[in-house]
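> Provide a 3D model corresponding to the input given below.
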Amino acid sequence: MNSPGKTLLILLYFLSPFFGSAQLKKVYHFQKDDSLLKVNYYMQALQTQTLLISSVSKEYKKDYTEIFESRFKEVARLLQSSSTVTSPEAQQYLQSLLKKIVDVNEELKPLNIRLIFTRDSWPNAYSMGEG
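Below is the predicted model:
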């Protein structure tokens, strides 16, 4: 006669491959990024930097040029990294949130604001000063 414990052990032995295969399934699939959007954001930031540098008076041009170039390097690093999320679904969601915020804040309407999700491992929000 088989004991219940022995039957359970045999059953677990035969079912263990099924339990193990469940561990191999991916939990999350990254959304496919829009590389053209990244390039577009990069070009917009570069254009903004050029415009800002050209608008500075000669007296402060050297100092402001260093600031704007340093800031652009950080923007470029972010946009050229794999941490930015530019999938159409994510961008559609972000732009709808941005529209709601801008619609109720008149002072934001003339600004060229861009929102970007990142895949960073820490929760954070910051402004790059480039829109």
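
> can we go C-alpha only for contacts and neighbour counts from here?
Fine.

> around residue 76, how many other residues sit close by?
Around residue 76 there are 18 other residues, counting by other C-alpha atoms under 10 Å.

> hmm, I typed the wrong one, I wanted residue 46.
19.

> now do the helices in this structure.
Using DSSP state H, the helices of the chain run over 4-23, 35-55, 61-80, 88-103.

> thought residue 118 was touching residue 81?
No - applying C-alpha atoms under 8 Å as the test, residue 118 and residue 81 come out as separate, 9.6 Å apart.

> which one of these two has more residues nearby?
Neighbour tally, residue 118 and residue 81, criterion other C-alpha under 10 Å: the higher count belongs to residue 118, 18 against 11.

> what's the closest of the helices of the chain to residue 122?
helix 61-80 (15.0 Å; C-alpha to C-alpha).

> give the buried residues for that closest one.
Judged by neighbour count (16 or more other C-alpha atoms under 10 Å), helix 61-80 contains these buried residues: 64, 65, 68, 71, 72, 75, 76, 78, 79.

> cool, stretch 99-116 as well?
Neighbour counts using 16+ other C-alpha under 10 Å place 102, 114, 116 of stretch 99-116 among the buried residues.

> sort those by pLDDT and name the bottom one.
Lowest pLDDT within the buried residues of stretch 99-116 is found at residue 114 (80).

> who are the contact partners of the nearest residue to residue 84 once chain neighbours are set aside?
Excluding the flanking residues, the one nearest residue 84 by C-alpha to C-alpha, 6 or more residues apart in numbering is residue 118, at 4.3 Å. Residues counted as contacts of residue 118 (C-alpha atoms under 8 Å, 6 or more residues apart in numbering) are 83, 84, 85.

> many thanks, I have nothing further to ask.
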